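Next come a sequence and a model predicted from it.
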Amino acid sequence: MGVLPSTGSNRTSSPLATEKERRRVVFATVVGTTVEWYDFFVYASAAGLVFGQLFFAPAGESVATILSFLTVGLSFLFRPLGAFLAGHYGDKYGRRVVLMVTLVMMGAATTLVGLLPTYSAIGVGAPIMLILLRIIQGISAGGEWGGAVLMAVEHAPQNKRGLYGASPQIGVPLGLLLASGVMALMTVIAPGDAFLEWGWRVPFLLSIVLILIGHYIRRRVEESPVFLQIASRKEQTKTPLLVLFRRHMGLVLIAAFVFAGTSAAGYMTTGGYIQNYATNPDGPLGLERGPVLWAVAGSAFTWLIFTWIGGAVSDRIGRRSTYILGWVLLLAALLVFFPLVDTGNIWLLFLGLAMLTVGLGLTYGPQAALYAELFPASIRFSGVSISYALGSILGGAFAPTIAKALVDATGTTVSVTVYLIAMACVGLAATLTLRDRSGIALGPENEAEQARSPIGRSVKV
């Protein structure tokens with residue numbers, strides 16, 4: 001399938017969108033999303049490694065692990081709230097201000113987790129405070145993504161939206177790489193009981209430094225040129241959410257199902273499941289924390305590479321075709337993923353994780369450009385944010401919890417493989433319902449063209 005050409009003018013840039021400004025936007029979105037997702041994934045890693053013992057121990061080992069993973073998933077239920085708020089204010093007042101607020105919210109919550117007393121110190125108040133801080137992380141994550149991807153895509157040249165849009169996307173594997181690397185380093189600095197006593201706290205407390213860096217960099221980035229055009233025309237929608245749900249609800253759901261297939265598989269590592277499964281001393285593998293964390297960090301690097309490749313490839317062959325290729329490779333990797341993990345060999349575990357990241361990258365790298373090209377300019381922030389938040393709930397939110405429950409019930413990881421393959425097939429089916437809109441003009445002067453539904457049989461052009 002070829003890439004659909006733009007059928008209107010492409011006035012999506014302004015005098016501010018110079019090449020220097022575009023490079024600054026790319027750098028700022030990478031740094032900002034890396035910091036945000038570092039915070040998010042440090043929590044998920046700790047949930048898989050220590051939170052069950054520190055905050056939920058009275059429930060018993062197996063139930064404590066499930067409760068720990070439930071706190072990971074709980075935050076996803078509040079992502080739509082963050083998406084609603086960010087989408088509303090982002091479509092009315094701009095992308096940049098939302099990004100600043102979400103960055104500070106996430107960093108403050110993460111730092112406070114590192115200061116929390118445990119259950120043994122204050123009792124039930126400890127898990128309650130942990131859950132409240134995780135909810136704040138969820139609200140922040142729900143608002144962060146839409147603003148970051150629109151800043152990148154709406155600043156991008158028409159023929160490089162996939163590549164530019166991949167810049168906030170690689171912040172996710174970079175955040176995982178940084179979170180897993182710091183956690184792994186702490187297992188060396190504070191081995192054994194020291195890690196449980198204080199070592200796990202250090203990665204959370206480091207967030208305050210990262211937030212200051214991210215805030216400084218984001219302050220230097222100009223507002224999206226598309227929003228500046230909307231504002232100059234005084235065409236901000238008063239009720240963007242109402243317009244979105246009244247006219248584009250079907251599109252929101254399909255876009256959400258596209259992401260659900262990716263996030264279910266991705267959250268085997270980003271949600272902390274593999275870290276817990278591989279290191280559980282009473283489980284089938286019983287591997288050391290350090291090597292497993294380094295394997296996850298290594299797979300985050302391969303995920304980064306293929307996410308960047310996915311964005312670039314989508315500029316050449318179209319978003320839809322890139323996604324279809326990614327789904328095929330992801331399904332193939334899922335067939336061998338757990339058989340490799342279950343060998344108990346750390347190198348084969350890494351190989352399984354790395355193979356998984358090929359398909360994940362090709363279905364994650366083009367997502368920013370795909371989503372931006374689906375929705376009209378005046379409600380785009382709301383559309384991409386809410387689709388992403390709903391997809392997170394349908395796919396990744398409770399994937400670690402579901403995987404844990406399936407293994408406990410069946411005694412085998414085959415059941416998890418079937419579950420992940422089913423989710424990937426849902427994502428593939430949703431992708432096949434969309435027409436490729438690569439290259440469509442993004443500016444407000446092309447709102448009528450953007451408002452035409454992309455749902456339907458794909459055609460070659």
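Yes, it's here. Keep in mind it's a predicted model, so treat the numbers as computed, not measured.

Do a quick rundown of the helices in the stretch 351-461 of the chain.
If DSSP state H, counting those that start in this stretch is used as the criterion, the helices of the stretch 351-461 of the chain fall at 367-374, 380-394, 399-410, 414-432, 447-451.

I'd like to know which of those is closest to Thr239.
Minimum separation from Thr239 across these (C-beta to C-beta) falls at helix 380-394, 9.8 Å. C-beta coordinates here come from the backbone N, C-alpha and C atoms, glycine included.

Which strands or helices does the closest one pack on?
Counting by 3 or more C-beta pairs under 8 Å, 6 or more residues apart in numbering; DSSP states H and E, the packing neighbours recorded for helix 380-394 are helix 61-77, helix 79-93, helix 125-155, helix 240-270, helix 367-374.

Most tightly packed of those helices?
With neighbours defined by mean count of other C-beta atoms under 10 Å, none of the helices and strands packed on helix 380-394 is more surrounded on average than helix 367-374, at a mean of 29.

among the helices of the stretch 351-461 of the chain, which is nearest Leu115?
Scanning the helices of the stretch 351-461 of the chain with C-beta to C-beta as the criterion, the closest one proves to be helix 399-410, at 25.0 Å.

can you tell me which of the helices and strands packed on helix 380-394 the model trusts least?
Taking the average pLDDT of each of the helices and strands packed on helix 380-394, the minimum falls on helix 79-93, with a mean of 76.

picking that back up, tabulate the helices and strands packed on helix 380-394 (JSON lines), appending distance to Ser321.
Supplementary listing: the helices and strands packed on helix 380-394 in JSON lines, determined by distance: least, C-beta to C-beta, whole Å:
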{"stretch": "helix 61-77", "distance to Ser321": "29"}
{"stretch": "helix 79-93", "distance to Ser321": "28"}
{"stretch": "helix 125-155", "distance to Ser321": "19"}
{"stretch": "helix 240-270", "distance to Ser321": "14"}
{"stretch": "helix 367-374", "distance to Ser321": "11"}
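
and of those helices, who's closest to Leu178?
By C-beta to C-beta (comparing all of the helices and strands packed on helix 380-394), the closest turns out to be helix 240-270, at 12.4 Å.

to the chain's geometric centre, what's the distance from that closest one?
With C-alpha atoms, centre = their mean, to the nearest Å as the basis, the distance from the averaged C-alpha position of helix 240-270 to the chain average is 12 Å.

Next, the angle from it to helix 414-432.
Relative orientation of helix 240-270 with respect to helix 414-432: 140 degrees, computed using axes from the mean of the first three to the mean of the last three C-alpha atoms, to 10 degrees.

could you say what helices and strands the helix or strand following helix 240-270 packs with?
Read in the C-terminal direction, the helix or strand following helix 240-270 is helix 273-279, with elements assigned using DSSP states H and E. Contact here means 3+ C-beta pairs under 8 Å, 6+ apart; on that basis helix 273-279 packs against helix 61-77, helix 240-270, helix 289-317, helix 319-341, helix 346-362, helix 399-410.

out of these, nearest to Gly125?
helix 61-77 (14.9 Å).

low pLDDT regions in the stretch 151-300 of the chain?
220-238, 271 (pLDDT under 70).

so what's the backbone phi/psi at the residue nearest the centre of the chain?
Central residue of the chain (C-alpha atoms, centre = their mean): Val172, 5.8 Å from the mean position. Torsion angles at Val172 (phi, psi; degrees, to the nearest 10) stand at phi -70, psi -60.

In TSV: the helices of the stretch 351-461 of the chain, plus distance to Leu74.
What follows is those, written out as TSV (distance: least, C-beta to C-beta, whole Å):
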stretch	distance to Leu74
helix 367-374	24
helix 380-394	11
helix 399-410	10
helix 414-432	20
helix 447-451	35
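
If you average pLDDT over each of those, which is lowest?
The lowest average pLDDT among the helices of the stretch 351-461 of the chain, as it happens, falls on helix 447-451, at a mean of 80.

Can you point out the buried residues in that one?
Using 16 or more other C-beta atoms under 10 Å as the test for burial, helix 447-451 gives Glu447, Gln450.

Next, count neighbours for Gln296.
That one is not Gln; residue 296 is Val. Val296: 29 surrounding residues under other C-beta atoms under 10 Å.
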